[in-house]
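**Q** here is a sequence together with a model predicted from it:
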Protein chains: 2
Amino acid sequence: MTIESVKVSARERLLRAADELFYEEGIHTVGIDRVIERAGVAKATLYSAFGSKDELVRVYLRERHLHNQERMERLLNERFETARERLTGIFEIEGENFVPGFKGCAFMTASAESSPGSFVQDESDEFRAWLLALFVGLAREAGARDPETLGRQLHLLYDGASIAAWMDRDASVSTPAQRAARLLVDETLGG
Amino acid sequence: MTIESVKVSARERLLRAADELFYEEGIHTVGIDRVIERAGVAKATLYSAFGSKDELVRVYLRERHLHNQERMERLLNERFETARERLTGIFEIEGENFVPGFKGCAFMTASAESSPGSFVQDESDEFRAWLLALFVGLAREAGARDPETLGRQLHLLYDGASIAAWMDRDASVSTPAQRAARLLVDETLGG
DNA sequence: GACAATCTAGACAGATCTGTCTGGTATTGT
DNA sequence: ACAATACCAGACAGATCTGTCTAGATTGTC
């Protein structure tokens, strides 16, 4: 096995196929057969690697979480200096996701398809807890008197923008969202 | 048939059962058999009344739309005098939906379960167009210089609050949402 | 009381889904 | 070279779902 042509493992191809299909078409409507067909992998291989469809879904969500988190934190650090700039910068970065093919937040759609109390809720909770903590932490760092409230309010705007970009197929919603976020931040921290 | 004990038609019992089950457990996971069992109705009756599960879902969504719209417009008129009061009053009324058993916006969850381009998207579009028009119209009536932007921003907050109340099982989110809405309105229209 | 319309109960067909199993092939480490 | 491992192709079982159909019961109307 040369360094150049590293063979992608079956597990990795499965995860890639699952990510594309589950996100684009929904977890419930995409069957195992579709996943293994796109991955170019036998069914037994999937079940030996993940054990069940549920477990594949769980790993798919976890990877989404890690990828979103890594990307957001990296871009925030690369582009902005202060906590205050980052608070509104989150919305700029969010807006760059609103490209054709954007299908909404994977955790919202997955939760809508799953029963409450399932592992999907656990994964969603973790993702949302991270994002809320990011907002609240930056609000605190920026000197907000009540960082909890400001963080929650910005989180509302963030989710609302995601919903609108998805359900209304309207990427331009990022602009009013950024303006509202700036207004909230300025008003709370002092212009 | 006396005036008092009006027998509820099979169609109506089916719609009631469908509303409860589809909303609480999801459209995909609830089968026809569950619906007719709760409605106390034979399967053939369902298919003679609606023709297909899809049609039952469509009527379920339409009834949700009509019910939400009627309730919101009625309570806004009963409780508030001015357009400006109504702009923030929408969030007060929204918060009263955040009771135990609240499962999020029916159109969001239905859309998450359905493929893009289906009739579910059409029904969701109509509902969301009504709500956005309500916000924008009130913003215009209240004298906003840019009612379109203010309306869209409040719509973002509204959706975000719904998402948080559902996914975080956190009814208290209505408070920061109302405060943010008031701040946006005051800042846009002048304190 | 007869007739027509509506309803009920449930079997059934056909499709689809998850997960298991068999049997054969390719790849890898030693 | 050889054994162990990983992988492929696909049949298969068992469950579940939508929608149709048969046959009998109930209801309202004249």
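**A** Now that the structure is in, tell me what you want to look at.

**Q** close to DNA strand C, is the helix ranked longest in chain A?
**A** Criterion DSSP state H: the longest helix present in chain A is helix A:53-79. Yes: residues of helix A:53-79 contacting DNA strand C under Cβ under 7 Å from any atom of the strand: A:Lys53, A:Asp54. In short, each C-beta sits where N, CA and C put it, glycine included.

**Q** can you name every helix or strand that the helix or strand following that helix contacts?
**A** Using DSSP states H and E, the helix or strand that follows helix A:53-79 in sequence is helix A:83-95. If you count contacts as 3 or more Cβ pairs under 8 Å, 6 or more residues apart in numbering or on different chains; DSSP states H and E, helix A:83-95 packs onto helix A:53-79, helix A:119-141, helix A:147-167, helix A:174-189.

**Q** and of the ones you listed, who's closest to A:Lys103?
**A** Nearest to A:Lys103 among the helices and strands packed on helix A:83-95 is helix A:147-167 (6.3 Å), distances taken as Cβ to Cβ.

**Q** give me every residue that touches the closest residue to A:Asp168 other than its chain neighbours.
**A** Nearest non-adjacent residue to A:Asp168, counting by Cβ to Cβ, 6 or more residues apart in numbering or on different chains: B:Arg128, 6.3 Å away. Counting by Cβ atoms under 8 Å, 6 or more residues apart in numbering or on different chains, B:Arg128 makes contact with A:Met167, A:Asp168, B:Phe107.

**Q** and which of those residues is nearest to B:Leu150?
**A** Nearest to B:Leu150 among those is A:Asp168, at 16.8 Å by Cβ to Cβ.

**Q** so which of the helices and strands packed on helix A:83-95 is the most packed in?
**A** Ranked by mean neighbour count, the helices and strands packed on helix A:83-95 are led by helix A:147-167 with a mean of 24 (mean count of other Cβ atoms under 10 Å in any protein chain shown).

**Q** that helix to helix A:119-141, inter-axis angle?
**A** Interaxial angle of helix A:147-167 relative to helix A:119-141 (axes from the mean of the first three to the mean of the last three Cα atoms, to 10 degrees): 130 degrees.

**Q** what's the angle between helix A:147-167 and helix B:174-189?
**A** If you take the same axes, to 10 degrees, helix A:147-167 sits at 80 degrees to helix B:174-189.

**Q** average pLDDT for helix A:147-167, rounded please.
**A** Averaged across helix A:147-167, pLDDT comes to 98.

**Q** hmm, that helix touching chain B?
**A** Yes: Helix A:147-167 is in contact with chain B by Cβ under 8 Å from any Cβ of the partner chain, via A:149, A:152-153, A:155-161, A:163-164, A:167.
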